[in-house]
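Novice: this one's structure only:
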């Protein structure tokens, strides 16, 4: 019998993150610095809003675009934070997390052979999703010497007549890097000059430390050429609710909504009602969690540097991305041996693209005391392996 699997799907390897989670799940006494998920429980007010919605019988489909009241609250939220205004009826879409948003955006804009520039290291789904949508990813390597920020002089030479979009994610997963406004303005100038669309994944926008987050769509001239992706998973500790959003000009959003209609129908009603509560009354909880992440950030970065794993300072999200060059190992070998010898789970940098080789990702979305213990175990490992 012939193979019925599409070549473009078969060519994409399984996620490099999942393998280490599967191994760790078979072991006892493992401290995981691997998973990119808040260890906080969703704030009680948000949970209770979801429960009430079920008790009151809100168990049916919503509009394909999502509950209008939620879209209106989201429009006000984005305008208050970033000064960018979206029409709740035509330019906002409530979806099943940023993962669906990424799929919709790329499926809606790409024709076969269209190129998308993808800076790496980056979230593991970026390059595969471009391929699944029939596009061609063009990799822009980022360097630790540049704090993993996009350099205009490295970006522009990659643009060809086939380039349709640039896919960026700041604050960044896995590096924790944040692009300052000045750097994003240079990227915006290039997008304008070459008539590019920018897909900006800003799921970690509220988790920044000592810096301000710049919403790409708020930059001069960028609202009309930006697809903004965001959600509730990270800032509000709502990963399991699977609720996110996309904001885009009406023409692009109409195409995304069409794909969403035929693929998903609508995001879960209970999660939408919970998200509305998050926007209305969740600000205090967001700040409480952000401050605790900042405390953990300082602990893990200082600890990694002290044991000989140099780590540039992450200013957003909840990841540290230390260099493991001193060990002489590949990032996969380092991660596997650390898990086997000291029962600490990290993710090899190579899982986030070739530019991540020589690094590992350590999530500090876990308890302070567990991070302390993980650092002690990693110090023993580092002593044994140079």
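Specialist: Looks like it came in fine. Treat the numbers as computed from the prediction; the structure is a model and nothing was measured.
Novice: what's the pLDDT at residue 2?
Specialist: Looking at residue 2, its pLDDT stands at 81.
Novice: I'd like to know how far the residue lying closest to residue 160 once chain neighbours are set aside sits from residue 135.
Specialist: Closest residue in space to residue 160, ignoring its immediate chain neighbours: residue 115 at 6.3 Å, by Cβ to Cβ, 6 or more residues apart in numbering. (Each C-beta comes from the backbone N, C-alpha and C, glycine too.) With distances taken as Cβ to Cβ, to the nearest Å, residue 115 is found 7 Å from residue 135.
Novice: Identify the contacts common to the two.
Specialist: residue 164 (Cβ atoms under 8 Å, 6 or more residues apart in numbering).
Novice: Those two: which has the busier surroundings?
Specialist: The neighbour comparison of residue 115 against residue 135 (other Cβ atoms under 10 Å) goes to residue 135, with 26 against 20.
Novice: Could I get the contacting residues of the closest residue in space to that one that isn't next to it in sequence?
Specialist: Nearest non-adjacent residue to residue 135, counting by Cβ to Cβ, 6+ apart: residue 110, 4.1 Å away. Shown in contact with residue 110 (Cβ under 8 Å, 6+ apart): 116, 130, 133-135, 164-165.
Novice: List just the nearest of those to residue 258.
Specialist: Nearest to residue 258 among the contacts of residue 110: residue 133, at 14.3 Å, using Cβ to Cβ.
Novice: where's the residue nearest to residue 135 relative to residue 136, distance?
Specialist: 9 Å.
Novice: which parts of the lowest-mean-pLDDT helix or strand in the chain are buried?
Specialist: Least confident helix or strand of the chain, by mean pLDDT, DSSP states H and E, is helix 16-25 with a mean of 74. Buried residues in helix 16-25, defined by neighbour count with 16 or more other Cβ atoms under 10 Å: 16-17, 19-20, 24.
Novice: quick revisit: can you name the residues bridging to the residue nearest to residue 160?
Specialist: Under DSSP bridges, the beta-bridge partners of residue 115 are residue 136, residue 163.
Novice: if I pick it, what's in contact with it?
Specialist: Residues near residue 115 by Cβ under 8 Å, 6+ apart: 135-138, 160, 162-164.
Novice: What of residue 67?
Specialist: Contact partners of residue 67, counting by Cβ under 8 Å, 6+ apart, are 94, 269, 272-273, 276.
Novice: With neighbour count and pLDDT added, can I get those in TSV?
Specialist: As requested, the contacts of residue 67 are exported to TSV (neighbours: other Cβ atoms under 10 Å; pLDDT from 0 to 100):
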residue	neighbour count	pLDDT
94	28	98
269	18	98
272	24	98
273	24	98
276	23	98
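Novice: And the helices in this structure?
Specialist: In order along the chain, the chain carries the following helices (DSSP state H): 7-10, 16-25, 44-55, 68-82, 97-109, 126-132, 152-155, 181-193, 250-263, 269-281, 283-306, 331-342, 368-384.
Novice: Looking at the ones you listed, which is nearest to residue 206?
Specialist: With Cβ to Cβ, the closest approach to residue 206 among these belongs to helix 283-306: 5.5 Å.
Novice: Would you mind writing the ChimeraX command to select the buried ones in the contacts of residue 115?
Specialist: Restricted to buried positions by 16+ other Cβ under 10 Å, the ChimeraX selection for those reads:
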select :135,136,137,138,163,164
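Novice: May I see the contacts of residue 115 organised as JSON lines, with distance to residue 6 and pLDDT added?
Specialist: Below are the contacts of residue 115 laid out as JSON lines (distance: Cβ to Cβ, whole Å; pLDDT from 0 to 100):
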{"residue": "135", "distance to residue 6": "14", "pLDDT": "97"}
{"residue": "136", "distance to residue 6": "16", "pLDDT": "97"}
{"residue": "137", "distance to residue 6": "17", "pLDDT": "97"}
{"residue": "138", "distance to residue 6": "21", "pLDDT": "98"}
{"residue": "160", "distance to residue 6": "25", "pLDDT": "98"}
{"residue": "162", "distance to residue 6": "21", "pLDDT": "98"}
{"residue": "163", "distance to residue 6": "24", "pLDDT": "98"}
{"residue": "164", "distance to residue 6": "21", "pLDDT": "98"}
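Novice: could you dump the contacts of residue 115 to JSON lines with distance to residue 333?
Specialist: Output for those, formatted as JSON lines (distance: Cβ to Cβ, whole Å):
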{"residue": "135", "distance to residue 333": "32"}
{"residue": "136", "distance to residue 333": "31"}
{"residue": "137", "distance to residue 333": "26"}
{"residue": "138", "distance to residue 333": "29"}
{"residue": "160", "distance to residue 333": "36"}
{"residue": "162", "distance to residue 333": "37"}
{"residue": "163", "distance to residue 333": "36"}
{"residue": "164", "distance to residue 333": "37"}
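Novice: Closest to residue 227 out of the contacts of residue 115?
Specialist: Proximity of those to residue 227 was ranked by Cβ to Cβ; the top entry is residue 164 with 11.7 Å.
Novice: tell me the contacts of the closest one?
Specialist: 109-110, 114-116, 135, 196-197.
Novice: how far is stretch 111-131 from where the chain is centred?
Specialist: Relative to its chain's centre, stretch 111-131 lies at 14 Å (Cα atoms, centre = their mean, to the nearest Å).
Novice: go on, stretch 105-120?
Specialist: Here stretch 105-120 is found 17 Å from its chain centre; the criterion is Cα atoms, centre = their mean.
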